[in-house]
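In: Generate coordinates for the sequence data below:
(one chain, ligands or ions: 1)
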Amino acid sequence: MNLRRQEDQRYLLSESVVINKQRLLSDLNAISRIGLGDHGSVTRLVFSIKELRSRQLLIHLMTQAGLKVHVDRIGNIFGRLNGANPKAAAVLAGSHLDSVRQGGKFDGPVGVIGALEAVRTLKDNRVPLPCPVEVVCFVGEESSRFGFSTLGSSLLAGQVRMEDLANAVDAHGTKLEDVLASMGVYRDNLPSLRRDPNSVKAYLELHIEQGPVLEAKKKKIGIVTAIAAPTRLRVIFTGQADHSGTTPMEMRKDALVAAAQLITYIEELCSKYSAMEKGRVVGTVGAMKIEPGVINAIPGKAELSVDIRSISGEAKARVARLVQSRAREIAATRNITVEILPIRSEEPVALDESLLPLIKEICEGKRVPYEIMPSGAGHDAMQMAKITRAGMIFVPSKKGISHSPLEWTDPEEICLGAQILLETMVRVAYEQS
Ligand SMILES: [Zn+2]
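Out: Predicted coordinates for the structure are as follows:
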């Protein structure tokens, strides 16, 4: 028997139920060859031919595995294996196949192919399940093309209004709204993409960490507590462009020096918050535009992007307020103007508290060193958490690098992550609801 019931009513999988590492890694490689570019980079932007092909390959793999495949109107894919009660709420596991421009091969596919391998292994070993399990692949998790992240999972969770899509345009001027319309998705039927929360028992996502913590702490698995959300601002300082030779220092209105002061302030402020156990906040100025931007002119205009992230909404709001008031203070002292435009502010999401001890127990049972940690990056799990219990399992990223062709996770660690995902899915399937 590959599943036995313990005295405490919990079910234990037999040790022979193990994923097929070779099959998992070779499917992961097959996906990564779609959109392969320079220096081993991968580009599969949402709704591009490359992304479509990766989804077609997934459908093929799901069909080959004997799963019941369903594709919704925008291309979210579900591969279902029924349990004893086909009408029971299903345990979902998955991630995304789209990528950033010139990204790596693991961000997303590890979770989709990992979940597929877990479900295939359950089927191959005829593990009895009380409820269905489903592999899910969401479209458009990355914001690289339209500036809109977690599109598929947001729609599934009923978190998107048509107004939210209005400003989403790609670099070629293609509107996300128009792309959706071409697939028959309009304002009226947007809510029909929602999934009935009663049909989902839990959502689990295996993902690469995309940060340096696990590697630095020599841990194999990360169990995620919460997902940080960004507050983003555009700050525009406007001073006066002048001749760099003739304008005395005390008569200048240099917008760039004001911006530099703000950038330093953000670093100092967030360094204090970053060290905090609770209410940890990180802040980044990642882009800046300077006008006129020439060697012999005082910068008259400096526009900078501010990205503030935390798993505490309160701490994040406090930092955002401090940054804004400091920007105004700097402008006032320098007798220049500042404009602050909020871009998108999202609430951080706590993952389910009952799934965490369950994953922890599985790691402990296997003597796998784990770390309980927040996620600094956004994931589909944060949308799914709005309609069901959501949990995430991280595997280490070499040097913490991601969104780059240098992104790397040890194949053994990917396989370990998929095995832990499998065992978690079975435990959740057997939980009394
Ligand atoms: Zn991802």
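
In: so where do the strands sit in the stretch 101-250 of the chain?
Out: 133-138, 200-208, 221-227, 229-238, 242-243 (DSSP state E, counting those that start in this stretch).

In: Now the weakest link among those, please, by mean pLDDT.
Out: Across these, strand 229-238 has the smallest mean pLDDT, namely a mean of 90.

In: show me the residues around the closest residue to Glu209 other than its chain neighbours that make contact.
Out: Closest residue to Glu209 apart from its sequence neighbours, by C-beta to C-beta, 6 or more residues apart in numbering: Phe394 at 4.3 Å. All C-beta atoms are positioned from the backbone trio N, CA, C, and that covers glycine. Phe394 makes contact with 207-209, 214, 221-224, 373, 375, 417 under the criterion C-beta atoms under 8 Å, 6 or more residues apart in numbering.

In: if you set the cut-off to 10 Å instead, what comes out?
Out: By C-beta atoms under 10 Å, 6 or more residues apart in numbering, the contact set of Phe394 is 110, 205-211, 213-214, 219-224, 370-371, 373, 375, 379, 409, 413, 417.

In: Am I right that it is in a helix?
Out: No: under DSSP: H, G, I helix; E, B strand; the rest coil, Phe394 falls outside any helix and is assigned strand.

In: about what we covered before: just the buried residues from the contacts of Phe394, in ChimeraX please.
Out: To isolate the buried members of the contacts of Phe394 in ChimeraX, using 16 or more other C-beta atoms under 10 Å:
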select :110,205,206,207,208,209,210,211,213,214,219,220,221,222,223,224,370,371,373,375,379,409,413,417
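
In: I'd like the next helix or strand past the helix or strand bottoming out on mean pLDDT in the chain.
Out: Using mean pLDDT, DSSP states H and E, strand 11-13 stands out as the lowest-scoring helix or strand of the chain, at a mean of 73. The C-terminal neighbour of strand 11-13 among helices and strands, as given by DSSP states H and E, is helix 21-32.

In: Any buried residues in the helix or strand following that next one, and which?
Out: Following helix 21-32 in sequence order, the next helix or strand is helix 49-64 (DSSP H and E). Burial within helix 49-64, assessed by neighbour count using 16+ other C-beta under 10 Å, is assigned to 50-55, 57-58, 61-62.

In: Show me the domain layout of the protein.
Out: Using automatic domain parsing, the domain parsing of the chain gives 3-227+349-430, 229-345.

In: Could you identify which of these is most buried?
Out: Mean neighbours per residue, mean count of other C-beta atoms under 10 Å, is largest over these for domain 3-227+349-430, with a mean of 20.

In: how long is that domain end to end?
Out: 11 Å (C-alpha to C-alpha, to the nearest Å).

In: Give me the angle between the host helix or strand of Glu314 and strand 229-238.
Out: In this assignment (DSSP H and E), Glu314 forms part of helix 313-334. Calculated by axes from the mean of the first three to the mean of the last three C-alpha atoms, to 10 degrees, helix 313-334 forms an angle of 10 degrees with strand 229-238.

In: Mind giving me the packing neighbours of helix 313-334?
Out: Packing partners of helix 313-334 (3 or more C-beta pairs under 10 Å, 6 or more residues apart in numbering; DSSP states H and E): strand 229-238, helix 255-274, strand 281-291, strand 301-310, strand 337-345.

In: Sticking with the closest residue to Gln210 other than its chain neighbours, tell me its helix or strand.
Out: Leaving aside its sequence neighbours, Gln210 sits nearest to Ser402 (C-beta to C-beta, 6+ apart; 3.7 Å). Following DSSP H and E, there is no helix or strand that holds Ser402.
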